[in-house]
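Chemist: Sharing a sequence plus its predicted fold:
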Amino acid sequence: MLAKAEDFFFSVKNPGNTNNPVGSNVTSVNVEQIPGLNTLGMSAVRIDYAPYGQNAPHTHPRATEILVVLEGTLLVGFVTSNPNNTLISKFLNKGDVFVFPIGLIHFQFNVGKTNAVAMAGLSSQNPGVITIADAVFGSKPAINPDFLAKAFQLDVKVVKDLQAKF
């Protein structure tokens, strides 16, 4: 009885600002933007990509994602779990659809010289997102660089430089 149209509406008609280090912008449409999604188990995102922009490797701990390319050409992929860690990837064009299974690290990269746009549906009203580089190199407080150097088989100076970027 208290529901109103605004509880079920949000616009994604305007492109997001892709002027950032990764060259993309994700506009979330989840229960925070549309209260009417509460308990419905779904959400969406609009992803805008500058030329050669990317949606950096990330995971959704609570959702499978289905992506539809609206404009441009994307290289997309995900990595299967241990022990195989197999890369499953494909070039997508306008109208193509690709699925990223729940919890797996995945990415999208605009391989074109023009902007690209995609929409994705997610199987949770609050799918969550963990961007891998941000989580590993940008944690607060920082993960011990000696530990990361050993884990990634890198020089400690390289790890400290990466941490400084996040």
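Modeler: Now that the structure is in, tell me what you want to look at. Predicted model, so just to flag it, every value in this text is computed and none were measured. Residues are numbered from 1 along each chain as shown.
Chemist: in the protein, which spans are strands?
Modeler: Along the chain, the segments classed as strands by DSSP state E run 24-29, 43-49, 54-59, 65-71, 74-79, 87-92, 97-100, 106-110, 116-122, 130-131.
Chemist: Could you export these as TSV, including mean neighbour count, distance to residue 140 and mean pLDDT?
Modeler: For every residue, glycine as well, the C-beta is placed using N, CA and C. Written out in TSV, the entries for the strands of the chain read as follows (neighbours: other Cβ atoms under 10 Å; distance: least, Cβ to Cβ, whole Å; pLDDT from 0 to 100):
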stretch	mean neighbour count	distance to residue 140	mean pLDDT
strand 24-29	18	21	97
strand 43-49	24	25	97
strand 54-59	20	18	98
strand 65-71	19	27	98
strand 74-79	20	26	98
strand 87-92	14	30	98
strand 97-100	18	27	98
strand 106-110	23	24	98
strand 116-122	22	26	98
strand 130-131	14	14	98
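Chemist: Those: which one's closest to residue 152?
Modeler: For residue 152, the closest of the strands of the chain is strand 54-59, at 13.8 Å, according to Cβ to Cβ.
Chemist: Can you name the residues that contact residue 148?
Modeler: Neighbour list for residue 148: 136-137, 154, 159, 163 [criterion: Cβ atoms under 8 Å, 6 or more residues apart in numbering].
Chemist: between these, which is nearest residue 19?
Modeler: residue 137 (22.0 Å).
Chemist: wouldn't that closest one be in contact with residue 160 here?
Modeler: No: if you go by Cβ atoms under 8 Å, residue 137 and residue 160 don't touch, sitting 9.7 Å apart.
Chemist: The two: which has the busier surroundings?
Modeler: Neighbours per residue, other Cβ atoms under 10 Å: of residue 137 and residue 160, the larger number sits with residue 137, 20 against 16.
Chemist: who's in contact with that one?
Modeler: Contacts were defined as Cβ under 8 Å, 6+ apart; by that measure residue 137 touches 148, 159, 162-163, 165-166.
Chemist: Just want to check the distance between it and residue 105.
Modeler: 15 Å (Cβ to Cβ, to the nearest Å).
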